[in-house]
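> Give me a 3D structure for the following:
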Amino acid sequence: MARQLRAEQTRSTIITAAADLFDQHGYESTSLSDIVAHAKVTKGALYFHFAAKEDLAHAILELEARAARQLVADVEGRGYSSLEGLMRTTFGVARLAVDDPVPRAGLRLATADVTVRPPLRHPYTEWLEFAARKFSGAVREADVHSDLDVAAAAHSLVCFFFGTRVTGRFEPVGRLPRRVAEMWHLMIRGLVPVHRRPRYVTLATQLEREIRTA
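Residues are numbered from 1 along each chain as shown. Next comes the predicted model:
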């Protein structure tokens, strides 16, 4: 039992170290030797758990997907409107990224040259479908313009959101909630009818503040 616990702790240490480096320097620029040094483990310990760098990346993507699914389930269970649910989910992902290098790296790995192995689905595909579903609901609920191009809106949102993470390496990670709020302020102006905008502008500001003061 003690040996198994140590093995699990070592695996977790390696994943966290890899996530930190993937986030800071990118997947392509990080070597297994870099990860060994950052994790302060032996090469033998790393190869015991992961045969290749891609296996590490896949483990991070799995953990990020699990955290995202839990976040979505939590938000879905609270009865928010479709647009509010979508906003709360994006800010929730931002909070995860600020607090933990693993989901932070997962967002960045989604744009790297990493093969996503079934049954895991590519994060871009999952988030695109989720955003499209939420925007479709928002159309029905009259929270966005009735003639909204749902596919285009979902695509723009997901690209904007992933882009904030990729470019986020040029500024402190703590600025991510502000970037998400800026994204929403722009989208609200373009997508939401004037009489409904104040509610969602206020919500974006509130959600950003909650992360910064947590």
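> in the chain, which spans are helices?
2-25, 32-39, 43-49, 53-76, 82-99, 101-109, 123-140, 150-166, 176-191, 197-213 (DSSP state H).
> And the last one, what's buried?
Under the neighbour-count criterion of 16 or more other Cβ atoms under 10 Å, helix 197-213 has 200-201, 203-204, 207-208, 211 buried. The way it works is simple: take the backbone N, C-alpha and C, and place the C-beta from them, glycine included.
> For it, name the packing helices and strands.
Helices and strands touching helix 197-213, by 3 or more Cβ pairs under 8 Å, 6 or more residues apart in numbering; DSSP states H and E, are helix 82-99, helix 176-191.
> swap in the second one?
When contacts are defined as 3+ Cβ pairs under 8 Å, 6+ apart, helix 32-39 sits against helix 2-25, helix 43-49, helix 53-76.
> go with 7 Å
Counting contacts by 3 or more Cβ pairs under 7 Å, 6 or more residues apart in numbering; DSSP states H and E, helix 32-39 packs against helix 2-25, helix 43-49.
> As JSON lines, those with mean neighbour count, distance to residue 196 and mean pLDDT would be great.
Below are those laid out as JSON lines (neighbours: other Cβ atoms under 10 Å; distance: least, Cβ to Cβ, whole Å; pLDDT from 0 to 100):
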{"stretch": "helix 2-25", "mean neighbour count": "17", "distance to residue 196": "36", "mean pLDDT": "88"}
{"stretch": "helix 43-49", "mean neighbour count": "15", "distance to residue 196": "50", "mean pLDDT": "93"}
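> Looking at the ones you listed, which is nearest to residue 60?
Closest approach to residue 60 among those (Cβ to Cβ): helix 2-25, 5.3 Å.
> and that closest one with helix 150-166, angle?
100 degrees (axes from the mean of the first three to the mean of the last three Cα atoms, to 10 degrees).
> Off-centre distance for helix 2-25?
When distances are taken as Cα atoms, centre = their mean, to the nearest Å, helix 2-25 is centred 19 Å away from the chain's centroid.
> How about stretch 53-66?
With Cα atoms, centre = their mean, you get 13 Å for stretch 53-66.
> Only C-alpha atoms, please: export that stretch in CSV.
C-alpha atoms of stretch 53-66 as CSV (Å, rounded to 0.1, in the frame of the first residue of the first chain):
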residue,chain,number,x,y,z
LYS,A,53,6.1,12.8,-23.8
GLU,A,54,2.9,12.3,-25.7
ASP,A,55,1.7,10.0,-23.0
LEU,A,56,2.2,12.8,-20.5
ALA,A,57,0.3,15.3,-22.6
HIS,A,58,-2.5,12.8,-23.0
ALA,A,59,-2.7,12.3,-19.2
ILE,A,60,-2.9,16.1,-18.7
LEU,A,61,-5.7,16.4,-21.3
GLU,A,62,-7.6,13.6,-19.6
LEU,A,63,-7.4,15.4,-16.2
GLU,A,64,-8.4,18.7,-17.8
ALA,A,65,-11.4,17.0,-19.5
ARG,A,66,-12.5,15.4,-16.2
